[in-house]
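Visitor: turn this into a model:
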Amino acid sequence: MLTDLVDDAAALAEVKDPLEAELAGALFVVMARSGGDDAMAAFAGGVIPAIEARGTRAALTLLTAIGAAAGKVADPVSEAARTAAVRLTGGGVAVPSWADDLAQPLTAGPFTRLYDVEDTMSVLIGVFQRADRDHALMIVVDHDHCGAADEIYLLGGEELPTAVAAVHQGARQDGVTIKTKKLSAAEFRWHVEQALEARAVHDEEDEPDNVPAGFDLTDSEDGPGYAPLAVLTHNRLAGLPPARRPRGAAASGHAADRTALDVLQQFAAVLGRSGGPAAFGLDLPAARRPQSAKLPTKRKKSNGPAPVYQIKVSLRGAKPPIWRRLLVPGDITLNRLHLAFLAAFGWHGGHLHVFDTAYGQFGQADPELGHRSDSPVTLEQVAPALKDKIRYTYDFGDDWEHEILVEKVTAADPTLEYPLCTGGRRAAPPDDCGGIWGYQELIEVLADPGHPEHEERLEWLGLPDATQFAPNTFNLDQVNQRLRNR
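Guide: I've put the predicted structure just below:
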């Protein structure tokens with residue numbers, strides 16, 4: 001067995017991403033932990049020295065992976081592996097190709113919590129960066145199962161927006177309302193530690209006496225199982241500030257009733273439970289989409305100049321209302337219209353977006369989500385008549401949904417420059433504040449100097465004091481200046 005372990009580690013020495021090595025080490029750590037204290041002592045005092053005694057690069061690779069798996073978490077097996085690796089390195093054994101990347105500092109953030117309005121389920125998302133590579137952990141939490149972690153998914157940073165978009169899209173199709181809350185690192189750690197602890201208790205209760213808890217190491221076809229990903233998650237949490245319980249958050253309980261509601265099952269289906277997670281990504285199912293009408297043909301030059309559309313763009317869920325009234329050419333492409341919306345609301349951009357229309361969904365082309373490119377499609381194609389409505393969503397994490405209503409269709413005025421804003425109400429929420437509910441909470445926090453997060457939110461906004469935060473204001477000239485600069 002020892003020979004097979006070390007021989008297999010020879011290929012591990014040349015992988016490009018140290019995350020693969022950490023997962024391999026996590027499998028080893030879980031195997032050692034599954035047998036309890038006696039097994040841990042045997043691995044630390046017997047197996048680790050036997051690996052070191054081989055004195056090869058493959059042996060050093062395996063020891064380095066094991067030592068990295070637990071990170072800052074105290075673990076006799078990982079500690080023994082780290083010490084043995086130092087000795088081999090000092091003896092001149094060549095280190096694995098990813099060792100330098102693994103030694104780079106790990107930075108973390110942002111952190112987000114998605115949850116349904118009934119608070120029966122949630123997803124905790126943390127993003128981590130090292131050596132120019134991003135990865136994210138998504139922890140699905142079952143609040144009807146004592147707040148225990150149900151699944152852990154590991155995603156590449158580039159895959160996260162698509163995964164979050166699928167969550168929101170699936171929830172909308174199932175009639176489930178998802179809220180978004182931005183978390184501090186300390187709050188994220190608290191939520192995840194609660195979920196992992198509850199899951200550990202349940203795993204211990206559920207395992208038969210003759211089967212060690214957590215011994216299901218892998219999903220046979222789809223990569224790591226829960227146990228090694230939990231080791232990796234603990235590793236990441238250990239590098240964050242001490243856990244801090246968010247205001248109003250309830251600690252996990254251990255009630256006898258463990259029946260999950262339909263909403264959790266729907267949510268898990270959106271996350272691809274049927275397919276399971278890939279080793280370093282989430283294998284999302286194709287979104288369920290109704291059949292779309294055929295897109296009308298684009299305006300031809302022989303049809304003459306395009307008319308001007310007066311549209312009202314309203315941010316859904318905002319109370320009091322937040323809206324902008326714009327004049328735009330009917331033949332403006334949806335992609336250019338997206339840029340006009342960014343200017344009109346002051347969004348900084350950098351997030352995905354989509355237009356929902358009777359003719360399909362248009363944004364950045366994405367076959368998995370069913371989004372077609374919005375660059376060749378014009379407004380008058382998808383909203384050809386007076387009173388037509390379409391929907392525009394910006395940032396699939398915060399999920400800023402806008403309703404677009406065609407109010408008037410008139411001839412163009414050659415003295416005016418389009419797009420043009422003619423009216424509006426209230427300032428738009430700042431980017432990345434956690435969606436409409438997060439914005440409402442932000443307003444409450446900044447209005448209360450005694451709130452524990454008051455100063456932290458001011459610092460995040462870059463404001464010297466709360467008087468500089470003016471959600472009730474609307475500056476027409478400023479909006480039009482941004483439109484001209486687009």
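Visitor: which residue of the protein sits farthest from its center?
Guide: Distance from the centre of the chain peaks at Ser302, with 47.1 Å (CA atoms, centre = their mean).
Visitor: pop out the phi and psi values for it.
Guide: Dihedral pair for Ser302: phi -70, psi -20, per degrees, to the nearest 10.
Visitor: what do you get for Arg133?
Guide: phi -120, psi 140.
Visitor: with adjacent residues omitted, what lies nearest to it?
Guide: Nearest residue to Arg133 in three dimensions, chain neighbours excluded: Asp17, at 6.4 Å (CB to CB, 6 or more residues apart in numbering). (C-beta placed from N, C-alpha, C; glycine too.)
Visitor: give me phi/psi at the one you found?
Guide: With angles defined as degrees, to the nearest 10, Asp17 sits at phi -110, psi 120.
Visitor: how confident was the prediction at it?
Guide: Looking at Asp17, its pLDDT stands at 85.
Visitor: distance of it from Ala131?
Guide: In this view, Asp17 and Ala131 are 9 Å apart by CB to CB, to the nearest Å.
Visitor: and for Leu106?
Guide: Note on Leu106: its distance to Ala131, by CB to CB, is 9 Å.
Visitor: got it, and Ser122?
Guide: In terms of CB to CB, Ser122 sits 30 Å off from Ala131.
Visitor: neighbour count: the two, which is higher?
Guide: Taking neighbours as other CB atoms under 10 Å, Ser122 and Ala131 compare with Ser122 leading, 22 against 14.
Visitor: bridged to that one, which residues?
Guide: On the basis of DSSP bridges, Ser122 is bridged to Tyr115, Val141.
Visitor: thinking it is in contact with Asp144, fair?
Guide: No: the pair Ser122 / Asp144 is not scored as a contact, 11.3 Å apart, by CB atoms under 8 Å.
Visitor: can you map out the strands along the stretch 351-486 of the chain?
Guide: 353-357, 360-363, 371-373, 389-394, 400-410, 420-425 (DSSP state E, counting those that start in this stretch).
Visitor: how far does stretch 109-125 sit from its chain's centre?
Guide: Centre-to-centre, stretch 109-125 and its host chain are 10 Å apart (CA atoms, centre = their mean, to the nearest Å).
Visitor: list the buried residues of that stretch.
Guide: Buried residues in stretch 109-125, counted by 16 or more other CB atoms under 10 Å: 111-116, 120-125.
Visitor: pull the most distant pair out of those residues.
Guide: Pairwise distances across these (CB to CB) peak at 21.2 Å, for the pair Phe111 and Thr120.
Visitor: starting at the chain centroid, how far to stretch 434-445?
Guide: In terms of CA atoms, centre = their mean, the centre of stretch 434-445 is found 19 Å from the chain centre.
Visitor: avg pLDDT for that stretch?
Guide: If you average the pLDDT over stretch 434-445, you get 88.
Visitor: what does stretch 322-334 give?
Guide: Rounded to a whole number, the mean pLDDT of stretch 322-334 is 96.
Visitor: okay, buried residues for stretch 374-390 please.
Guide: Going by neighbour count (16+ other CB under 10 Å), the buried part of stretch 374-390 is 374, 377-383, 388, 390.
Visitor: dump the residue contacts of the residue farthest from the centre of the chain.
Guide: Residues counted as contacts of Ser302 (CB atoms under 8 Å, 6 or more residues apart in numbering): none.
Visitor: distance of it from Val308?
Guide: According to CB to CB, Ser302 stands 20 Å off from Val308.
Visitor: next, the distance between the ends of stretch 427-436.
Guide: Length of stretch 427-436, first residue to last, CA to CA, to the nearest Å: 13 Å.
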